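*Asks:* Sequence and predicted model, in that order:
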Amino acid sequence: MYKIMVTGCNGQLGRAIKQVYENEADTEILGTDVPDLDITDLNAVRAYVKENAPNAIVNCAAATNVDGCEKDTDLAYKINAIGPRNLAIAANENDIPLVHISTDYVFPGDGNRPYIEFDETAPKSAYGRTKLAGERFVQQFSKRWYIVRTAWLYGEGKNFVRTMLSLAEKNDTIGVVDDQVGNPTSALELARAIKALLPTDQYGIYHGTCEGICSWADFTEEIFRLKGVSTKVEHISSEEYKRRFPASADRPAYSALDNYMFRLNLDYRFADWKDALKEYLA
Ligand SMILES: NC(=O)c1ccc[n+]([C@@H]2O[C@H](COP(=O)([O-])OP(=O)(O)OC[C@H]3O[C@@H](n4cnc5c(N)ncnc54)[C@H](OP(=O)(O)O)[C@@H]3O)[C@@H](O)[C@H]2O)c1
């Protein structure tokens, strides 16, 4: 039996990973999450790995609230940097591969073409800085690592798609930012790619997002179109959004990722974002 330890298994991606392996008779998912296993506790992580002897670790645990990371940066560094470091140490001690998930927010977002894996990082937010620190720890403390940077993720749990649909129930018009662009990515589609990547031993950094680029406003319009919702989307600037919600963290304007390594190295393609959204909403 091939055993995969999945941390943060109750989150969006964690649930999707469980789903893509549910019919695999020769694979067992060892799902962990807080409070049972806190990845910031090195001894607990080591003890878990020793006792359960997984063949691989997929780290889906993270502090993902971008504004929350700005407010409690200590906690964000613990979960997004020290947590993956602990998993990297345990993976290395047991000579097993570690798949670690990172983010488009490690980039500054001032480019004009999708970022590839070889572009320079320069995060603008606490979330991005803590996630970049996590990436570096994974590279420093383990040998058999895959880092998969994803973006604008939605799956089972609280996410942008659900927030927009719930706002639409109470509003005739909603203001959505149209000067930040990226790649809306279905957690299920990302989980499928991780399942394809894990057995390859082709370690390294990968960008893993659904194909196609849009703004948050375009994304919202497509959600409403597919669900037959009549609420209008008012296209607003990030500046206007900041005026309405002053506490929000700065986000990159252009954070689209190019899945260059998935294409170049594995000849693997993700679904188009509109097709993946349709599958999700169905
Ligand atoms: N969501 C996005 O738009 C997005 C975009 C780019 C990259 N990513 C990355 O994709 C990955 C998966 O994101 P997601 O959206 O699936 O996240 P999520 O839904 O927020 O799930 C994260 C899970 O990790 C758990 N967790 C938090 N602290 C933990 C700790 N100390 N020990 C163990 N588990 C802990 C959370 O529990 P609680 O809920 O109880 O805190 C939650 O169940 C993350 O690495 C994230 O940074 C996400």
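*Replies:* Sure, I can see it.

*Asks:* where exactly do the strands run in the stretch 1-150 of the chain?
*Replies:* Counting by DSSP state E, counting those that start in this stretch, one finds strands in the stretch 1-150 of the chain at the ranges 2-7, 27-32, 56-59, 98-103, 145-150.

*Asks:* Can you tell me the strand partners of the third one and which way each runs?
*Replies:* Strand 56-59 has its sheet partners listed here by DSSP bridges as strand 2-7 (parallel), strand 98-103 (parallel).

*Asks:* Enumerate the residues of the stretch 101-250 of the chain near the ligand.
*Replies:* Residues of the stretch 101-250 of the chain lying close to the ligand by Cβ under 6 Å from any ligand atom are 101, 103, 131, 150, 151, 152, 153, 157. From N, CA and C alone the C-beta is placed, and that goes for glycine too.

*Asks:* And the first one, what's its pLDDT?
*Replies:* We note a pLDDT of 99 for residue 101 in this prediction.

*Asks:* for the fifth one, same thing?
*Replies:* pLDDT recorded at residue 151 is 97.

*Asks:* Could you do the third one as well?
*Replies:* Looking at residue 131, its pLDDT reads 98.

*Asks:* isn't it right up against residue 102?
*Replies:* Yes: here residue 131 reaches residue 102: they are 5.2 Å apart, a contact under Cβ atoms under 8 Å.

*Asks:* Skip the chain neighbours and tell me the closest residue to the residue of the chain most remote from its centre.
*Replies:* No residue in the chain sits farther from the centre than residue 172, which is 30.8 Å out by Cα atoms, centre = their mean. Computed as Cβ to Cβ, 6 or more residues apart in numbering, the closest residue to residue 172 that is not its neighbour in sequence is residue 231, at 6.1 Å.

*Asks:* Residue 278 now?
*Replies:* Residue 278 sits nearest to residue 226 (Cβ to Cβ, 6+ apart), 5.9 Å away.

*Asks:* residues contacting the one you found?
*Replies:* 277, 278, 281 (Cβ atoms under 8 Å, 6 or more residues apart in numbering).

*Asks:* what's the helix or strand for it?
*Replies:* With elements taken from DSSP states H and E, the one containing residue 226 is helix 216-227.

*Asks:* any idea how far the residue of the stretch 151-282 of the chain found nearest the ligand is from residue 104?
*Replies:* As assessed by Cβ to the nearest ligand atom, the ligand sits closest to residue 153 within the stretch 151-282 of the chain, at 3.5 Å. Taking Cβ to Cβ, to the nearest Å as the measure, residue 153 falls 10 Å from residue 104.

*Asks:* before we move on, what about residue 117?
*Replies:* In terms of Cβ to Cβ, residue 117 sits 12 Å off from residue 104.

*Asks:* any shared contact partners between those two?
*Replies:* In terms of Cβ under 8 Å, 6+ apart, residue 117 and residue 104 are both contacted by the residues residue 149.

*Asks:* Those two: which is more packed in?
*Replies:* Between residue 117 and residue 104, counting by other Cβ atoms under 10 Å, residue 104 is the more crowded of the two (26 against 18).

*Asks:* just checking, that one touches residue 208?
*Replies:* No: applying Cβ under 8 Å as the test, residue 104 and residue 208 come out as separate, 10.3 Å apart.

*Asks:* overlap in contacts of the two?
*Replies:* Shared contacts of residue 104 and residue 208, counting by Cβ under 8 Å, 6+ apart, come down to 149, 150, 257.

*Asks:* would JSON lines of the residues you listed with neighbour count be doable?
*Replies:* Below are those laid out as JSON lines (neighbours: other Cβ atoms under 10 Å):
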{"residue": "149", "neighbour count": "26"}
{"residue": "150", "neighbour count": "25"}
{"residue": "257", "neighbour count": "25"}
